[in-house]
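Peer 1: Fold the following and give me the result.
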Amino acid sequence: MQLSVDPSSPVPPYEQIRARIAELARSGELPTGHRLPAVRALAADLGLAAGTVARAYRELESDGVVETRGRHGTVIAAAGDAARRHAAAAAEDFARRTLQLGLTQDEALRASVTALRAVYGPQTPDAPQE
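Peer 2: Take a look at the predicted model:
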C-alpha cells in the first residue's frame, strides 16, 4: 500500500490518509479483507503521531470503509453493505428534514437531484415535475 502525507498541504494529515485509503478500497487496489498496517507502524512509517493515524482509521470505520477486528487488526470492509446502510440512513434523515421544512415530495426530490448534480455532474436524471 502506497501512502504518503504532504506536510505543506492545507488538508490535515489524518484526512489525507483517510481519503487515500478510501480511494484505494473503492478502486479495489485494497480488496475486501486486506489488513491495514497497525496504527503505530503506519504512524512511524509516515513520521506522524499515532493519534493522527488512529483518527484516520476511526473515520474510515465510521464511513464503513474498514472494520476493526480486535487482535486481527483493521481490514478493508465489504463496501456494498456498509455504504448502502449509510446511504439509507442519510436518505431517511433528508426525508425527515424536508418534511419538517414543509416541502412536498416533489420539492424534496428536486432538491436532492440538484445536490446530486452538484456532486456527480449533469448526467443525474431529472427530478419529477409538478
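Peer 1: Domains in this protein, by residue range?
Peer 2: By the assignment in automatic domain parsing, the chain contains the domains 13-77, 80-120.
Peer 1: where exactly do the strands run in this structure?
Peer 2: In the chain, the segments counted as strands under DSSP state E are 66-68, 74-76.
Peer 1: among these, which is the most enclosed?
Peer 2: For those, average neighbour numbers computed from mean count of other Cβ atoms under 10 Å are highest in strand 74-76, which has a mean of 21. For glycine as for every other residue, the C-beta is placed from the backbone atoms N, C-alpha and C.
Peer 1: Give me the distance from that one to the chain's centre.
Peer 2: 14 Å (Cα atoms, centre = their mean, to the nearest Å).
Peer 1: tell me what that strand is packed against?
Peer 2: The contact analysis (3 or more Cβ pairs under 8 Å, 6 or more residues apart in numbering; DSSP states H and E) places strand 74-76 against helix 50-62, strand 66-68.
Peer 1: go with 7 Å
Peer 2: Other helices and strands packing on strand 74-76, by 3 or more Cβ pairs under 7 Å, 6 or more residues apart in numbering; DSSP states H and E, are strand 66-68.
Peer 1: what's next to the strand it packs on, contact-wise?
Peer 2: 36, 57, 60-61, 74-77 (Cβ atoms under 7 Å, 6 or more residues apart in numbering).
Peer 1: Format those as a markdown table; extra columns: distance to residue 29.
Peer 2: As requested, the contacts of strand 66-68 are exported to a markdown table (distance: Cβ to Cβ, whole Å):
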| residue | distance to residue 29 |
| --- | --- |
| 36 | 13 |
| 57 | 18 |
| 60 | 15 |
| 61 | 19 |
| 74 | 16 |
| 75 | 14 |
| 76 | 10 |
| 77 | 15 |
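Peer 1: closest to residue 96 among the residues you listed?
Peer 2: residue 61 (25.3 Å; Cβ to Cβ).
Peer 1: Neighbours of the closest one, how many?
Peer 2: Residue 61 has 15 neighbouring residues, counting by other Cβ atoms under 10 Å.
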